[in-house]
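J.: how does the following fold in three dimensions:
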Amino acid sequence: MTTKLQKWGNSLAVRLPKDMTRHLSLKEGSSILVRQDRDAIIIRRQEPRDHHLIGKNDWKRYLIPTKRKKENVSGTIDTILYGISR
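T.: Numbers count the residues shown, from 1 in each chain. The predicted model follows:
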């Protein structure tokens, strides 16, 4: 497919054909990833994030303040999350 860049405000834009967006399940407001790879521009559909999954740094949100010493905090978390005690 060949298309032309068009001015959109202070930026340039590319139109995507309806068949292509339908095939990729894209609609207005969909998130996409755009990156440069040497002399090419790669546009990929961004998968929606599943908010039920915990990321590797999300554990900090689940810390429970205790009056115990710092070295016992991880054991407390293990007990709460996994039912394991040391």
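J.: and what about Arg61, helix, strand or coil?
T.: Three-state call for Arg61 (DSSP: H, G, I helix; E, B strand; the rest coil): helix.
J.: wait, Arg45 sits on Ser25?
T.: Yes. Using C-beta atoms under 8 Å, Arg45 is in contact with Ser25, at 7.1 Å. All C-beta atoms are positioned from the backbone trio N, CA, C, and that covers glycine.
J.: which one's more surrounded, those two?
T.: Arg45 (13 against 8; other C-beta atoms under 10 Å).
J.: just give the closest residue to that one, not the sequence neighbours.
T.: Leu24 (5.1 Å; C-beta to C-beta, 6 or more residues apart in numbering).
J.: that neighbour contacts Arg44, doesn't it?
T.: No. Counting by C-beta under 8 Å, Leu24 stays clear of Arg44, with 9.0 Å between them.
J.: and the helix or strand encompassing Arg35, what other elements does it pack with?
T.: Assessed by DSSP states H and E, Arg35 sits inside strand 32-37. Applying 3 or more C-beta pairs under 8 Å, 6 or more residues apart in numbering; DSSP states H and E, one finds that strand 32-37 contacts strand 40-45.
J.: alright, calling it a day.
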